[in-house]
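Colleague: Model the following, please.
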Amino acid sequence: MKKISALLLIILVSSFVARAQMPKRNHFAIQIMYDQSKEKNRLGSDASFRQAEKQKGTSVGFLYEFDFKKWRSVDIGFETGLTYLYHRAKTSDTRINGAFQSNYTVVHKRHDIALPLRLVYRQLIARDTYLTFYFGPQFVFSASNKAVETEKRLSAQGQQEYNTTYNLLKNGDDDKLLRSYVKDDVENQAPVYSNVKPFNVQLGLGGSFQFHQIQIRAGYEWGLTNLFTNTYTATSLKSWQLTNRVDQWYVGLVLFLPEKKAQW
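Modeller: Okay, here's the model as predicted:
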């Protein structure tokens, strides 16, 4: 983790040093993306990460990209911006509890704000046509992270429905979602899912094809932050340590505004 932090610091410092130089061009853009966020849980220090919940979503925002080095048909630059991300997932489960059956549905919604800091390599391949590659960290702040659990209980007396809303950013008995989206393969028990950290750091890699001012972009962000760490005890009284990270991939369109020459 120390090596990763050092790498992110080098990228951040390099970007500000480069910004002090005279850029060749400025680029402002708006973007809209389809993305899928993937939660990955790990039970125990020796276990590998396993994929848990998939959250489908969209993101919209603006980008600012500038070039600080040009060599023949290649531009080296830096990109930042601000993006709003919305993710949603729905899971279902059925359990038999003695004299009644419970059908559970959990709807999970998350609202995030992301700040990317990326190095940019852009290659001119034809007139007004570019291939671009991106690399760098993305800092994500979760403004809201909630799950609504609906239980439909069927018994001889009929059907009853219970709805519970969990604020996953809080830590309290009333805000613990006991039924997580990953289960112990052996015990089939659900860990406690609460007190999720609002800040996440991801390291991303992506590429794009651009013709004139329209760009098709795709990429992947690897989660570096453990968003929560909890210990729970299964029915065998065996304790597990649970950690959670979030990756995401995206694909979408970027529309660059008319080019503006830098004034320095």
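Colleague: Return the residues in contact with Gly136.
Modeller: Applying Cβ atoms under 8 Å, 6 or more residues apart in numbering, we find Gly136 in contact with Ile11, Glu79, Pro116, Leu117, Arg118, Leu119, Leu203, Gly204. Any C-beta I mention is one placed from the backbone N, CA and C, and that applies to glycine too.
Colleague: Can you add secondary structure and give those residues back as TSV?
Modeller: Below are these laid out as TSV (DSSP: H, G, I helix; E, B strand; the rest coil):
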residue	secondary structure
Ile11	helix
Glu79	strand
Pro116	strand
Leu117	strand
Arg118	strand
Leu119	strand
Leu203	strand
Gly204	strand
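Colleague: In JSON lines: these, plus distance to Glu39.
Modeller: As requested, these are exported to JSON lines (distance: Cβ to Cβ, whole Å):
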{"residue": "Ile11", "distance to Glu39": "26"}
{"residue": "Glu79", "distance to Glu39": "27"}
{"residue": "Pro116", "distance to Glu39": "21"}
{"residue": "Leu117", "distance to Glu39": "24"}
{"residue": "Arg118", "distance to Glu39": "24"}
{"residue": "Leu119", "distance to Glu39": "28"}
{"residue": "Leu203", "distance to Glu39": "17"}
{"residue": "Gly204", "distance to Glu39": "17"}
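Colleague: Buried ones only from these, please, as a ChimeraX command.
Modeller: In ChimeraX, this line selects whichever of the contacts of Gly136 come out buried by 16 or more other Cβ atoms under 10 Å:
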select :11,79,116,117,118,119,203,204
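Colleague: Relative to Ser73, which of the contacts of Gly136 is nearest.
Modeller: The nearest member of these to Ser73, counting by Cβ to Cβ, is Leu119 at 18.0 Å.
Colleague: Identify the bridge partners of the closest one.
Modeller: Applying DSSP bridges to Leu119 yields these beta-bridge partners: Phe78, Phe135.
Colleague: surely it meets Pro137?
Modeller: No - the pair Leu119 / Pro137 is not scored as a contact, 10.2 Å apart, by Cβ atoms under 8 Å.
Colleague: what's the closest non-adjacent residue to Thr94?
Modeller: Distances taken as Cβ to Cβ, 6 or more residues apart in numbering place Asn103 nearest to Thr94, at 5.2 Å, with adjacent residues excluded.
Colleague: Check which helices and strands the helix or strand encompassing the one you found sits against.
Modeller: With elements delineated by DSSP states H and E, Asn103 resides in strand 100-126, which encompasses its position. Using 3 or more Cβ pairs under 8 Å, 6 or more residues apart in numbering; DSSP states H and E as the contact test, the elements touching strand 100-126 are helix 2-19, strand 50-71, strand 74-97, strand 129-155, strand 199-211.
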